[in-house]
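> how would this look folded up:
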Amino acid sequence: MTRFAEAVTEYWRAALAGEEHEQNSELSIVVADALDADERVTVLRTEEDAHTTVALSPAVARRLAAAGALSAASGEGALRAAIASAGIALHGADSLFYVPRESSRALRAERDPGHVRRLDPEAAADAESFAEFEAAASPEDLDAGQVDLDDWAVYGAFDENGKLVSVASAYPWGESVLADFGVITLEDARGAGHARALTRALARCAAAEGLELQYRCQTDNPASAAVAASAGLALFGRWEIPTPDDADAA
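All right, here's what the predicted structure looks like:
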């Protein structure tokens with residue numbers, strides 16, 4: 001049995017579904033009619049079985065086949081080189097973290113710490129606190145964290161003076177049962193466990209609504225990955241799609 005909820009594995013199984021072209025113990029190549037243009041090459045390496053699946057749109061598959069490069073036998077490196085030669089640049093991989101089955105019951109039984117609570121976008125005090133938080137956060141953190149007071153669920157952590165110092169929010173991932181997650185902690189409030197507490201609070205909130213929290217971070221962001229691990233989440237895999245600027249390429 002996989003260590004993750006069936007909803008997680010089923011989502012990614014469906015996202016990569018298609019006609020299997022080739023497969024070996026390390027690599028699968030799938031031709032998927034349903035891939036959108038911005039996901040016409042989708043790569044997922046799952047941690048549990050150390051296996052990489054590459055889903056290609058029919059148009060991309062035809063181009064690689066014409067170049068004699070649509071082969072699992074040649075290995076992942078050769079396939080990636082062929083994709084790059086076709087003018088398709090893949091965005092830096094996202095690490096995907098979820099609550100493992102063995103931790104879900106204990107997580108649900110916890111209560112939120114006293115300094116953590118759900119924010120109400122309709123409450124003037126929360127809106128003011130959030131505006132002050134945004135003004136204090138760096139543009140880089142705001143861009144990376146992608147928290148929004150109007151998201152499906154928003155939680156905040158407050159310091160001893162009642163100042164909002166960390167915010168996390170989540171929203172449904174497309175039409176799936178995944179709740180994509182972001183968190184930002186002000187620089188002078190880091191190291192106190194706020195991000196960990198908010199991650200667990202939102203995971204509980206998602207579970208109560210029948211959703212699975214999805215924590216994503218770039219693979220070159222070890223600090224964010226450490227937050228996920230400290231909150232009890234486990235690495236499911238690494239996901240790549242074409243860079244946004246490349247989405248309209250041939």
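
> next up, phi/psi of the residue most central in space within the chain, please.
The centre of the chain sits closest to residue 216, judged by C-alpha atoms, centre = their mean, with a distance of 2.8 Å. The phi/psi pair for residue 216 (degrees, to the nearest 10) reads phi -120, psi 140.

> show me the domain layout of the protein.
As recorded under automatic domain parsing, the domains making up the chain are 6-96+241-246, 101-232.

> ok but residue 215 is inside a helix, no?
No. Counting by DSSP: H, G, I helix; E, B strand; the rest coil, residue 215 falls outside a helix, being strand.

> tally of neighbours for the nearest residue to it once chain neighbours are set aside?
Once flanking residues are discounted, residue 215 sits nearest to residue 97: 4.0 Å by C-beta to C-beta, 6 or more residues apart in numbering. From N, CA and C alone the C-beta is placed, and that goes for glycine too. Residue 97 is flanked by 26 other residues according to other C-beta atoms under 10 Å.

> and for the one 5 residues further on?
By other C-beta under 10 Å, the residues close to residue 102 number 10.

> sorry, back to before: hmm, residue 92 and the residue nearest to the centre of the chain touching each other?
No. Under the criterion of C-beta atoms under 8 Å, residue 216 makes no contact with residue 92, lying 11.5 Å away.

> and the domains of the chain as JSON lines, adding mean pLDDT?
As requested, those are exported to JSON lines (pLDDT from 0 to 100):
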{"stretch": "domain 6-96+241-246", "mean pLDDT": "92"}
{"stretch": "domain 101-232", "mean pLDDT": "94"}
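
> residues making contact with stretch 118-128?
Stretch 118-128 is touched from outside by 129-130, 149-150, 153-156, 167, 201, 205, with contacts defined as C-beta atoms under 8 Å, 6 or more residues apart in numbering.

> check which residues of it are buried.
Of the residues in stretch 118-128, 119, 126 count as buried by neighbour count, 16 or more other C-beta atoms under 10 Å.
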